[in-house]
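**Student:** coords please:
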Amino acid sequence: MKLWTIIGIVQPIVAFPHLGRAELAAVAALDPKADDDATRARLNEFLTFHTQTQDSRYRSVNTGPTVDQRGFDYMLRLYRHNLPDIMASWRRHQADVEWLEMRVIYGLFLSDVELLDAVESELVVSPAIMAQDVLAPTFWHVRGLQRLGVSQEDTDVVLNVIKLAAAWAGRELKDVANLAAKDVDVEWEPTTAK
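**Tutor:** Below is the predicted model:
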């Protein structure tokens with residue numbers, strides 16, 4: 001769910017049926033010696049349980065000022081004093097992109113640390129951005145990882161694994177190929193201004 005705002009909705013929508021089939025296969029594989037009737041019964045129980053209990057976590061989320069503030073606070077944790085310059089770079093689209101970033105991308109999804117904490121979220125988001133070979137957002141999120149407490153050495157390991165995964169997938173990274181954790185400034189003096 002965190003990635004569909006990062007890489008777009010198309011790929012996750014295409015992935016959901018495959019995930020559903022994998023879930024069914026995993027349940028069916030629980031006891032490969034069971035007869036077909038028993039396996040079907042377990043699958044039915046699984047599907048019934050999922051259908052009855054798995055409403056969207058986001059259905060009743062208040063998308064008002066509370067979510068906006070949560071999104072802003074999360075963005076401030078990652079971007080700190082760099083946030084105004086990043087937002088200003090959107091020029092005449094700043095108000096629209098700011099609304100989308102603060103309310104939807106960060107407010108609803110990335111700042112939701114109920115299942116994945118902030119570092120885990122960044123370990124999902126950073127590779128997705130880096131794999132798209134976009135330098136500025138990759139740089140911002142690598143810096144954000146370090147600002148969340150990930151060491152420079154561990155960040156370099158993450159970057160190298162992403163590069164290896166991209167190469168394995170046949171994706172040539174040109175713009176982010178030489179990025180290293182030491183290239184980002186993580187220093188920041190907190191201010192009271194928002």
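**Student:** In space, what's closest to residue 141 - neighbours in sequence excluded?
**Tutor:** Take residue 141 and drop its neighbours on the chain: the residue closest to it by CB to CB, 6 or more residues apart in numbering is residue 126, 4.4 Å away. C-beta here means a position set from N, CA and C on the backbone, and glycine is covered the same way.
**Student:** which residues does the one you found contact?
**Tutor:** 138, 141, 142, 144, 145, 158, 162 (CB atoms under 8 Å, 6 or more residues apart in numbering).
**Student:** Tell me the most packed of these, by neighbour count.
**Tutor:** Taking other CB atoms under 10 Å as the neighbour criterion, residue 142 ranks highest of those with 28 neighbours.
**Student:** which residues touch that one?
**Tutor:** For residue 142, the contact set (CB under 8 Å, 6+ apart) comprises 126, 130, 155, 159, 179, 181, 184.
**Student:** swap the cut-off to 7 Å and go again
**Tutor:** By CB atoms under 7 Å, 6 or more residues apart in numbering, the contact set of residue 142 is 126, 155, 159, 179, 181, 184.
**Student:** Determine how far the helix or strand that it is a member of lies from the middle of the whole chain.
**Tutor:** Per DSSP states H and E: residue 142 is located in helix 135-147. Centre-to-centre, helix 135-147 and its host chain are 13 Å apart (CA atoms, centre = their mean, to the nearest Å).
**Student:** what about it, average pLDDT?
**Tutor:** Helix 135-147 comes out with an average pLDDT of 90.
**Student:** if we can go back for a sec, now for the contacts of residue 126, which pair is the farthest apart?
**Tutor:** Spatial extent of the contacts of residue 126 (CB to CB) is set by the pair 144 and 162 at 14.7 Å.
**Student:** For the protein, just list every one of the helices.
**Tutor:** 4-7, 10-28, 36-53, 65-79, 83-88, 94-99, 118-130, 135-147, 152-168 (DSSP state H).
**Student:** what would those look like in CSV with distance to residue 174?
**Tutor:** Shown next, in CSV, are these (distance: least, CB to CB, whole Å):
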stretch, distance to residue 174
helix 4-7, 19
helix 10-28, 21
helix 36-53, 43
helix 65-79, 25
helix 83-88, 22
helix 94-99, 25
helix 118-130, 12
helix 135-147, 9
helix 152-168, 11
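**Student:** Tell me which of those lies nearest to residue 108.
**Tutor:** helix 65-79 (6.1 Å).
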